[in-house]
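Student: can't give you the sequence, but here's the structure:
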């Protein structure tokens, strides 16, 4: 029998069979009415998931391409930007902004903690010439999610745009793009959207368009004005990744069929069960409850065991893939993704594997202790 | 019964079932040894197909992203470039070069005719400060292929780099990247490589790296230095389109199993059969034999019938999709792609549909006349 594999990393995430089937349809022309019809459906469904009336586009690139689209279209050389960094993906906004010649104010927050809105307010007050604030919705490297409602309120009172990396969050965690004043939301296909990597979905507000029309950067493939022009006929500026578009159409159907709010609630329950289990096993969670990501949980490895050794045992003995720590967290933490096509028994599998792997490594964990706590959450007996 | 569809446009082209199967494998992490192994295999096979020892990379974007990578990494503002234009895709090089601040010498050639090497030599002699020559291998909009061996010889005697859009040609038409002195070759997944759109495969010579190390453009997603650095561990700079990589690995296996030279010969035979048939039907080919593309044939519609009306009948009555003309050729020509996963009976289908559609439109064409000519080519009875 081929080995069953349990993929619990923050992207790519498992792809549901019906999405695989959709992607296996025969090719057809992307300048055809058939493609335009599918494209139109995709955009309408994305607007529902993103809770937005803003323009929405699908770019054929990974999420980083979507981030570059945001920076390249918004930032002209010499302009001041505020970048909020609390992990590896926040740093990417800084790198991109430097690349495009911005005058970057990088505001660091402790990894594992959320953005402090008061600090942001102070920076905005001290620097009224800030053109854009770059933030991360769900910081994948630590498992923290930020309060975008408050952040949006702070930014919307200024001339600055709020540009949000929602790559690992959107689709799994509620995002009210319009109500929260998110000017550009960048997302990716391979996280909660249950697709292979290769698409970046992005929304653009009218406040953002006002800035974009003065774009000076040379960017061509990610040119949002050209993309908007093509969208008038539900066309794309350049050849789209047709099979991934077909998959996105199918995965959005799954999300809408389940109910967008049910999807968000499911992720919250998976997080709660995972955290209760980790707690019951006596392991240390990296984040506090109030900012704990619904889609990924970061956990410190026991002091005497490196996180990467633990992950190796999990992979070799149980075919379970967890993510490791990045940068200064390397070998210190491991991360369990419960993101996208994930349900109760995936958490049970993850916790059971973890309990057994820790026993394999002679770390004292009572078998079943974490499992029981997770089950209690699923049965509604544990808050 | 669902309708059988006959897709004969220059990308996306039909995807073979075994490639579809490969793309339907469950997801796995792109930072895993499994991915690195597949990536390594892909690169080795691409080097074989491209006949190169240069560095080869796979970017997760359409071919245009690969073209932008070439321009953005090579051209700094104010530098002089020579762009050879004989169709719509040649014009894309000009647009990109302008975007990146180049001083562009655009040399136009009649659409439907190849590049005149003597003109290129003269431009190079008159402008010794030209940093790069941008050319098109197979101009998809007209069905012309250019003599890259001669062009490469002319450019290699100068300090300029030869940068080639091989998107619709490579994989179907022989390209000797090293022997012909191609410094950057850009290709795409959805043409002769028999995959859905979403990947750009690119090769980079050491002469090109010398220029790239002084890159000044802000481009990030398409940064070739970063891509090369990641490649040391067969990694990618950003999340790769995993399922398309799996498909590329499988489609390269098909190409190598058939034999690279057999693939090229097959395309030449398909072209010869198509052209013989068109000729026998009394229709007018757009290109002459010596520069006729092996992967796509452009044909003038009869004077009294618009090419787009003809295509409409073909699609509605016979489920056959041909491409139309672009820009000034719109409604004047139609284009039959015989590219990638295409064989004798695809040409027979195309010609048969064309004969019948012309009859539907009351255009005098003897049924079977084109088919007979194509069959004669396949039987070796016609040159």
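Tutor: That came through, no problem. As the structure is a prediction and not an experimental result, all values here were calculated from the model.
Student: And the pLDDT at residue A:364?
Tutor: At residue A:364, the model reports a pLDDT of 85.
Student: For it, grab phi and psi.
Tutor: phi -70, psi 100 (degrees, to the nearest 10).
Student: Please report the distance of it from residue A:253.
Tutor: Distance of residue A:364 to residue A:253, given as CB to CB, to the nearest Å: 47 Å. Heads up, the C-betas are built off the backbone N, CA and C, glycines and all.
Student: repeat for residue A:189
Tutor: Residue A:189 is 15 Å from residue A:253, by CB to CB.
Student: Those two - which one has more neighbours?
Tutor: Between residue A:189 and residue A:253, residue A:189 has the larger neighbour count (other CB atoms under 10 Å in any protein chain shown), namely 33 against 15.
Student: which residue sits closest to residue A:356, ignoring its sequence neighbours?
Tutor: Spatial nearest neighbour of residue A:356, excluding adjacent residues (CB to CB, 6 or more residues apart in numbering or on different chains): residue A:318 at 6.7 Å.
Student: now do residue A:373
Tutor: Nearest non-adjacent residue to residue A:373 (CB to CB, 6+ apart): residue A:280, at 3.6 Å.
Student: quick one: which helix or strand includes residue A:376?
Tutor: Residue A:376 belongs to helix A:369-378 when assigned by DSSP states H and E.
Student: got a list of contacts for that helix?
Tutor: With contacts defined as CB atoms under 8 Å, 6 or more residues apart in numbering or on different chains, helix A:369-378 is touched by A:269, A:272-274, A:276-282, A:344, A:347-348, A:351-352, A:354-355, A:382.
Student: change it to 10 Å
Tutor: A:269-283, A:343-345, A:347-348, A:350-352, A:354-355, A:358, A:366, A:368, A:381-383 (CB atoms under 10 Å, 6 or more residues apart in numbering or on different chains).
Student: which of these count as buried?
Tutor: A:269-278, A:280-281, A:283, A:344, A:347-348, A:350-352, A:354-355, A:358, A:382 (16 or more other CB atoms under 10 Å in any protein chain shown).
Student: Which residue, other than its chain neighbours, is closest to the closest residue to chain B within the stretch 201-350 of chain A?
Tutor: Going by CB to the nearest CB, chain B is nearest to residue A:241 of the stretch 201-350 of chain A, at 3.4 Å. Nearest non-adjacent residue to residue A:241, counting by CB to CB, 6+ apart: residue B:198, 3.4 Å away.
Student: contacting residues around residue A:181?
Tutor: Taking CB under 10 Å, 6+ apart as the test, what residue A:181 contacts is A:148-149, A:151-157, A:161-162, A:205, A:207.
Student: For residue A:290, the count of nearby residues, please.
Tutor: Residues near residue A:290, counting by other CB under 10 Å: 9.
Student: unless I'm mixing things up, it is touching residue A:114, no?
Tutor: Yes. With contact taken as CB atoms under 10 Å, residue A:290 and residue A:114 are classed as touching, separated by 8.1 Å.
Student: and residue A:56, how far is that from chain B?
Tutor: 19 Å (CB to the nearest CB, to the nearest Å).
Student: Next up, the contacts around that residue.
Tutor: Residue A:56 touches A:42-47, A:49-50, A:177, A:185, A:187, A:201-204, A:231, counting by CB under 10 Å, 6+ apart.
Student: for residue A:196, same thing?
Tutor: Contacts of residue A:196 by CB under 10 Å, 6+ apart are A:11-13, A:15, A:19-20, A:23, A:189-190, A:241, A:243-244, A:247, B:23, B:25, B:27, B:30, B:198, B:239-246.
Student: Can you check the pLDDT for it?
Tutor: 98.
Student: could you say which helix or strand contains it?
Tutor: Using DSSP H and E, residue A:196 sits within no helix or strand.
Student: cool, residue A:365 as well?
Tutor: Going by DSSP H and E, residue A:365 is not in any helix or strand.
Student: got it, and residue A:238?
Tutor: Residue A:238 is part of no helix or strand, with elements assigned from DSSP H and E.
Student: Count the neighbours of it for me.
Tutor: 23.
Student: which residues sit in contact with it?
Tutor: A:30, A:59-60, A:220-223, A:226-227, A:230, B:61-65, B:67-68, B:92, B:197.
Student: give me that answer again for 8 Å
Tutor: Residue A:238 sits in contact with A:60, A:221, B:62-65, where contact means CB under 8 Å, 6+ apart.
Student: Among those residues, which ones are in helices?
Tutor: B:63-65 (DSSP state H).
Student: For the residue nearest to residue A:289 when sequence neighbours are not counted, what are phi and psi?
Tutor: In this structure, residue A:289 finds its nearest non-sequential neighbour in residue A:275, 7.4 Å apart by CB to CB, 6+ apart. With angles defined as degrees, to the nearest 10, residue A:275 sits at phi -70, psi -40.
Student: Settle this for me: residue A:275 is touching residue A:297, isn't it.
Tutor: Yes. With contact defined as CB atoms under 8 Å, residue A:275 reaches residue A:297; the gap is 6.2 Å.
Student: Mind listing the shared neighbours of those two?
Tutor: Jointly contacting residue A:275 and residue A:297 under the rule CB under 8 Å, 6+ apart are residue A:285.
Student: end to end, how far does stretch A:303-323 reach?
Tutor: End-to-end distance for stretch A:303-323: 18 Å, by CA to CA, to the nearest Å.
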